[in-house]
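K.L.:
how does the following fold in three dimensions:
(4 chains)
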Amino acid sequence: MVVTYTASEMMTVAAARALDNNDICFVGIGLPSAACNLARLTHAPQLTLVYESGTLETKPQVLPLSIGDGELCETALSTVPVPEMFQYWLQGGRITVGFLGGAQVDRYGNLNSTVIGNYARPTVRLPGSGGATEIATGCRRIYIVMRHGARAFVEKLDFLTSLGHGPTGRERRALGLQTEGPTLIVTDLCTMRPNPETNEFEVVTLHPGVSPAQVREHTGWAVRFHRDVEETLPPQPDELSALRDLLQRTARAHGSAATE
Amino acid sequence: MVVTYTASEMMTVAAARALDNNDICFVGIGLPSAACNLARLTHAPQLTLVYESGTLETKPQVLPLSIGDGELCETALSTVPVPEMFQYWLQGGRITVGFLGGAQVDRYGNLNSTVIGNYARPTVRLPGSGGATEIATGCRRIYIVMRHGARAFVEKLDFLTSLGHGPTGRERRALGLQTEGPTLIVTDLCTMRPNPETNEFEVVTLHPGVSPAQVREHTGWAVRFHRDVEETLPPQPDELSALRDLLQRTARAHGSAATE
Amino acid sequence: MPEFLSLAAAVSRFVRPGDRVALEGFTHLIPFAAGHEIIRQGLTDLTLIRMTPDLIYDQMIGGGCARKLVFSWGGNPGVGSLHRLRDAVERGWPRPLELEEHSHSAMAHAYAAGAAGMPCAIFRGYLGSDLPRVNPAIQSIVCPFTGETLAAVAALRPDVSIIHAQRADRRGNVLITGIVGVQKEAVLAAARAIVTVEEIVDDLETGGTNAIVLPSWTVHAIAVAPGGARPSYAHGYYQRDNAFYTEWDAIARDRDRFRRWVDDEVMRVGGGAAGAAWS
Amino acid sequence: MPEFLSLAAAVSRFVRPGDRVALEGFTHLIPFAAGHEIIRQGLTDLTLIRMTPDLIYDQMIGGGCARKLVFSWGGNPGVGSLHRLRDAVERGWPRPLELEEHSHSAMAHAYAAGAAGMPCAIFRGYLGSDLPRVNPAIQSIVCPFTGETLAAVAALRPDVSIIHAQRADRRGNVLITGIVGVQKEAVLAAARAIVTVEEIVDDLETGGTNAIVLPSWTVHAIAVAPGGARPSYAHGYYQRDNAFYTEWDAIARDRDRFRRWVDDEVMRVGGGAAGAAWS
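P.N.:
Reported below is the predicted structural model:
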């Protein structure tokens, strides 16, 4: 039997696999939420999910459309005020993994979710930081999940909203940060990890059927490949069925096409 | 009929009368608690009581022995964490009256509740500030309730725990404080108010049967009297019966002699 | 003790043109009814403060109420852009919109500082970000114990904060449950506070323990507004109208369609004033 | 995920001589059973941290456990002095006690800063007081927006915090209700946390809303200790033993009577170690 799947499914599954039972995740909306909940429904049932709306240890049956859906609160261990979430829980250093994305990422995992173009007169006004700026520095490590594309994977950010490894890849230590920063990028084409020497992200696995040339074409900098690039394990039947069930439940609950 | 009453009763009643329905009181244990609850049971039924244990708008039936008795929580509108009490409620400027006492007070209403003697090698180690240091500056005004005595009403404090009008009577403005500081001292002999020019406390009423000489004898500084010293209205029958009922209920509930 | 007023009376009495106004509610309990009343009353030149502008500020910005926006995340959650916000920022329609932009952590700290009567808040934030370069309201201090440089933000002190809550009792005490966001802080930080509620009850039944309550003496006006948080939701009352959030994307993309929506869904509701500020 | 241990095992495993230890509980839920276990195990040289030392630290100080006390109000509430604390400060018995003295507001802010991972807290405090002159741990900063001088205190970061709570579930999540003091902050600020509970239940039944809960991943050990807060109280379980608080005054005034009390009520209970540190 040939298992077929979409690039989005591959991306979600690859992100989910990076999580384990000991992780305490600060979850964003969209693909990160799908990945975290998929992990919880498959190999990491004890995975702890925290949403910035204040919901601690939430176990939603369907994916929330917003960061503060009622489902998150109803299935949470407890819900705390938003100042407390940022003070005691994120800044307090209790979160192991934060998921981030953005309109632009550079080779060091720095992210832009603020503007395309000039800040004062932007071509595109993006939503802005939200929790991202302090998620980027407060979580033990960061996983970035973004669709690959040359306008998103750029040589130089229009605006640095959230710190990765910094403009030269070495800024975190100078700022006194003890957290690791981004350790993984998952895209619809590949997964990337920072080079241990330079902190520049390199391709470490290519999703099945993706060529290095495709990744080069969709990356705005001269992307490097790890010396032993492997093929990403394709989505397994149990992963796919859990993900599809989750998305179907979600679509039914929201009465519309839901998040990925 | 001759109404008889004790000096403590006079003191409690005089303190209670200074409160009204619009006040939001930060209540200490002991006589202030009796005074606040007496006011609530007599002329100021809408008086709002806040205890530093976090209990907002509490309506105890009996006086608490400690600042955090279960009675306070059970009869409260809500109970907040102690950091929130000091941050949002006291420092937030929401309290109209704070009650304070201490081992020593000076002519400007500065208070010592820390040590008698030298700080490093005290003769008597007192309990310390507790909430008092910030109650003194955070409440709109302060009422001081203390038994009169030459060792308590002193020329110079051994230690300034809580600011009144400052060592020269004029320090509050220099510190940028918008709050009024102490506006009333109630003792077992008299009531005192600060002179509008100097902020030095002067006797404004003498309790029935108390002579100016008695007050001088029990005051460690050359105490001044307001030009029109009046007699304190003695405790009225309704005040006395409400107070005695309260103390009896309290004694029964605690299974021992209660406050005062 | 708050006054119990109609929503129209509460807004007319306590919100003034040019005010710094915070309508808070983190996804949950967003005070849409109050926002619409502000549009109906034609209030303008407002500085709108809110962590997540959401549809409510998209509508108010498109409705011409705002001169400035203080915010930390301006999107349609789970859907995409706020097109009225973008139109104001990118093209100045219906009028230019000044931005003061923060992170969530900064806004949450700034509300908490306002509630605590502090002039500022400090936190470990904005490290390595470009945001301090474009926002002079972000400063820093040095920890006197460790020498660490910490971010500082000025406390938020709205002239008026407006929130929606599940219920109030007859004395005017307000109960909020579920996702409580920064609503309590927004009310305590403000000079004036309006609370819309689903209903008035005899007893909040908090049992004295740790429910999130705003005592009557922290609130200036209470207005009963059942469904006042729709299309967001009220835990225990009604669910989020996710379909409308999705539908809003199409409504807000087009100026004319947006104008028609405001005329039909805001101006002709509740017998409001003559017209929105842009009309 | 915490370990479920006996109280003796939890103390022996997680509390070390010389540690900075906070046993918190503001009048309510004071962890007396754990304090007694520390006396029984003969732990010494501790820096004891607590807003209100109360009888529990009077006992531990008299029992020779403490080298230093960090506190803000050291009395027997509603009764008078803590005589063991005074004997240690005034006469060095059973050993001298170093004091680091704060106000309640400062301690509360310092715990909150510890919980928030901050190096310090700022607040409007200590104005005009002599306390900053005797405590070098009180500093100040200047607000970069208003120029106001604000008090600064270093964050409290105990090596171990110990609290008593009403209940935990089988995964180790802990529920606290009633007067909650600074217990949550003390646990979140500490490197290690021990919680004694009245009972273990299947479900905390918080409904996801705003109960005060410490998730299992914030706690290192849970020990069932019914009555573990006596003579203080546990909301929903038992009341405060006010008579004992009064009786303590006489017991603690006299060194010999205190020693006998410790022998009878602490050392001979629970099969403890050889003897208190002063014996």
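K.L.:
from the contact counts, what lies against the lowest-mean-pLDDT helix or strand in chain A?
P.N.:
Of all the helices and strands that make up chain A, helix A:70-74 has the lowest average by mean pLDDT, DSSP states H and E, namely a mean of 91. Secondary structure elements in contact with helix A:70-74, counted by 3 or more CB pairs under 8 Å, 6 or more residues apart in numbering or on different chains; DSSP states H and E, are strand A:55-58. Placement of C-beta: from N, CA and C, glycine included.
K.L.:
what about the strand it packs on, near chain C?
P.N.:
Yes: Strand A:55-58 lies within reach of chain C by CB under 8 Å from any CB of the partner chain, at A:Thr55.
K.L.:
does that strand reach chain D?
P.N.:
Yes: legend: contact between strand A:55-58 and chain D by CB under 8 Å from any CB is shown at A:Thr55, A:Leu56, A:Glu57, A:Thr58.
K.L.:
quick one: the third one from A:Asn37, how far?
P.N.:
For A:Glu57, the distance to A:Asn37 (CB to CB, to the nearest Å) stands at 13 Å.
K.L.:
find residues that contact each of these two.
P.N.:
A:Leu49 (CB atoms under 8 Å, 6 or more residues apart in numbering or on different chains).
K.L.:
regarding chain A, what is its longest strand?
P.N.:
Longest strand in chain A by number of residues, with DSSP state E as the criterion: strand A:224-231.
K.L.:
right, and the helix or strand after it?
P.N.:
Of the helices and strands lying after strand A:224-231 in sequence (DSSP states H and E), the nearest is helix A:237-254.
K.L.:
so what secondary structure elements neighbour the helix or strand hosting A:Phe99?
P.N.:
Following DSSP H and E, the helix or strand that holds A:Phe99 is strand A:97-100. Contact here means 3+ CB pairs under 8 Å, 6+ apart; on that basis strand A:97-100 packs against strand A:24-27, helix A:31-41, helix A:132-138, strand A:141-145.
K.L.:
and that strand, which residues are buried?
P.N.:
Within strand A:97-100, the residues scored as buried using 16 or more other CB atoms under 10 Å in any protein chain shown are A:Val97, A:Gly98, A:Phe99, A:Leu100.
K.L.:
now C:Ser105: which helix or strand?
P.N.:
Using DSSP H and E, C:Ser105 sits in helix C:104-115.
K.L.:
the helix or strand following that helix and chain A in contact?
P.N.:
Stepping forward along the backbone from helix C:104-115, the first helix or strand reached (DSSP H and E) is strand C:120-123. Yes: when contact is scored as CB under 8 Å from any CB, part of strand C:120-123 falls within range of chain A: C:Phe123.
K.L.:
let me see the backbone angles for the closest residue to chain C within chain A.
P.N.:
Sorted by distance to chain C under CB to the nearest CB, the residues of chain A start with A:Gly68, at 2.7 Å. Recorded main-chain torsions at A:Gly68 are phi -130, psi 30, according to degrees, to the nearest 10.
K.L.:
contacts only, for it.
P.N.:
A:Gly68 sits next to A:Tyr51, A:Ser53, A:Gly54, A:Thr55, C:Phe26, C:Thr27, C:His28, C:Pro77, C:Ile179, C:Gly181 when contact means CB under 8 Å, 6+ apart.
K.L.:
go through the residues you listed and name the one with the lowest pLDDT.
P.N.:
Ranked by pLDDT, these bottom out at C:Pro77, which scores 90.
K.L.:
ok, now how distant is it from chain A?
P.N.:
When CB to the nearest CB, to the nearest Å is the yardstick, C:Pro77 and chain A sit 4 Å from each other.
K.L.:
next one: C:Gly18
P.N.:
24 Å.
K.L.:
likewise C:Ala168?
P.N.:
Taking CB to the nearest CB as the measure, C:Ala168 falls 19 Å from chain A.
K.L.:
and the helices in the stretch 51-200 of chain A, which stretches?
P.N.:
According to DSSP state H, counting those that start in this stretch, the stretch 51-200 of chain A carries its helices in the segments A:70-74, A:82-84, A:132-138, A:171-174.
K.L.:
next, the buried residues of the last one.
P.N.:
If you call a residue buried by 16+ other CB under 10 Å, then helix A:171-174 has these buried ones: A:Glu171, A:Arg172.
K.L.:
do the shortest one as well
P.N.:
Of the residues in helix A:82-84, those buried under the neighbour-count criterion (16+ other CB under 10 Å) are A:Val82, A:Pro83, A:Glu84.
K.L.:
tabulate the residues of strand A:55-58 next to chain D (a markdown table), appending neighbour count and distance to C:Ser140.
P.N.:
Formatted as a markdown table, the residues of strand A:55-58 next to chain D follow (neighbours: other CB atoms under 10 Å in any protein chain shown; distance: CB to CB, whole Å):
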| residue | neighbour count | distance to C:Ser140 |
| --- | --- | --- |
| A:Thr55 | 30 | 31 |
| A:Leu56 | 27 | 30 |
| A:Glu57 | 20 | 34 |
| A:Thr58 | 26 | 34 |
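K.L.:
on that earlier part again, distance to chain B added to the contacts of A:Gly68, as JSON lines?
P.N.:
JSON lines is the format used below for those (distance: CB to the nearest CB, whole Å):
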{"residue": "A:Tyr51", "distance to chain B": "22"}
{"residue": "A:Ser53", "distance to chain B": "20"}
{"residue": "A:Gly54", "distance to chain B": "15"}
{"residue": "A:Thr55", "distance to chain B": "19"}
{"residue": "C:Phe26", "distance to chain B": "18"}
{"residue": "C:Thr27", "distance to chain B": "23"}
{"residue": "C:His28", "distance to chain B": "19"}
{"residue": "C:Pro77", "distance to chain B": "28"}
{"residue": "C:Ile179", "distance to chain B": "18"}
{"residue": "C:Gly181", "distance to chain B": "15"}
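K.L.:
distance of the closest residue to C:Ala116 other than its chain neighbours from C:Leu5?
P.N.:
Nearest non-adjacent residue to C:Ala116, counting by CB to CB, 6 or more residues apart in numbering or on different chains: B:Gln87, 4.0 Å away. Applying CB to CB, one obtains 30 Å for the distance of B:Gln87 from C:Leu5.
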